[in-house]
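Enquirer: 3D, please:
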Amino acid sequence: MKYKAVIFDLDGTLVNSIYDIADAMNTVLRKRNFNTYDYETYKTFVGHGVRSLILQAVPESPEKAKLVDVCLTEMLDIYSSCCTDKTAPYPGVLKLLDDLKSKNIKLAILSNKEDSLTKKVAKAILPDYVYPTLGLVEEALKKPNPQVLLELCKTLNVTPEECMYVGDTKADIQVAKNADMVAVGVSWGFRDKEELVKEGAHFIINTPADLLEIL
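Expert: Residues are numbered from 1 along each chain as shown. You can find the predicted model right below:
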């Protein structure tokens, strides 16, 4: 088998977390009497880390830079307490992970979600699956920067050519290509298929089981 490892994005790929993310951010906005947003709008905000989310959600003002820092701390605190309330794996994801493990495929997660929250969600929602789970620890290292992804390959003892990266946003396709990996886009996530096609995904899958066909 050519591929020895599969590295996944988390939000919008393995789990649907948009409800908890949106609820937490709307709580922050509501506290300041700012406009809130619906779940579909939040799907366009996520993918590049919490700071990016807040930059898009908070209205423009002379004090915006300072406000973003304050809202970031508050958002992380609120989201940490509710990040598993409504979040659940997408249909077919657990079966896919079982099948991959049965084929001795190494599994890992790399997310732009803050690292401790990535680990918390993965542990709660995917409790029977053990793999390196990494989130964002430094803004400069977030996807599509391939540095952490390449380090993860070394941890898994595979070459980039032996690994595929699976995600739902352009950042996921870009980071895979920047690392010289096969980039697999999922059509069930937070972005539409057109974005994945535009970024040059090598494959686009419509169900988790489709990944096995590629393997």
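Enquirer: Need the residues that contact stretch 121-130.
Expert: For stretch 121-130, contacts defined as C-beta atoms under 8 Å, 6 or more residues apart in numbering pick out 10, 14-15, 17, 83-84, 87-89, 94, 97, 101, 107, 109, 113, 133. Placement of C-beta: from N, CA and C, glycine included.
Enquirer: Kindly state the domain boundaries assigned to the protein.
Expert: According to automatic domain parsing, the chain comprises the domains 5-16+88-214, 18-82.
Enquirer: Please identify the most buried of those.
Expert: domain 5-16+88-214 (a mean of 19; mean count of other C-beta atoms under 10 Å).
Enquirer: pLDDT on that domain, on average?
Expert: Domain 5-16+88-214 shows a mean pLDDT of 95.
Enquirer: quick one: the helices in this structure?
Expert: Using DSSP state H, the helices assigned to the chain run over residues 18-31, 39-45, 50-57, 64-82, 93-102, 115-125, 147-156, 170-178, 193-198, 210-214.
Enquirer: Out of those helices, the one nearest residue 3 is which?
Expert: helix 210-214 (8.0 Å; C-beta to C-beta).
Enquirer: which helices and strands does that closest one pack with?
Expert: For helix 210-214, the packing partners by 3 or more C-beta pairs under 8 Å, 6 or more residues apart in numbering; DSSP states H and E come out as helix 93-102, strand 182-186, strand 203-205.
Enquirer: Just give me the longest strand of this protein.
Expert: strand 106-114 (DSSP state E).
Enquirer: packing partners for it?
Expert: With contacts taken as 3+ C-beta pairs under 8 Å, 6+ apart, strand 106-114 sits against strand 5-8, helix 93-102, helix 115-125, strand 133-136, helix 147-156.
Enquirer: Among the ones you listed, which comes closest to residue 182?
Expert: Among the helices and strands packed on strand 106-114, strand 5-8 sits nearest to residue 182 (C-beta to C-beta), with 9.6 Å.
Enquirer: CSV please, covering the helices and strands packed on strand 106-114 and showing distance to residue 200.
Expert: Below are the helices and strands packed on strand 106-114 laid out as CSV (distance: least, C-beta to C-beta, whole Å):
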stretch, distance to residue 200
strand 5-8, 18
helix 93-102, 24
helix 115-125, 26
strand 133-136, 24
helix 147-156, 17
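Enquirer: out of those, nearest to residue 172?
Expert: Counting by C-beta to C-beta, residue 172 lies closest to strand 5-8 out of the helices and strands packed on strand 106-114; the figure is 9.2 Å.
Enquirer: quick one: contacts of that closest one?
Expert: When contacts are defined by C-beta under 8 Å, 6+ apart, strand 5-8 is touched by residues 14, 100, 105-110, 149, 152-153, 156, 158, 162-167, 181, 211, 215.
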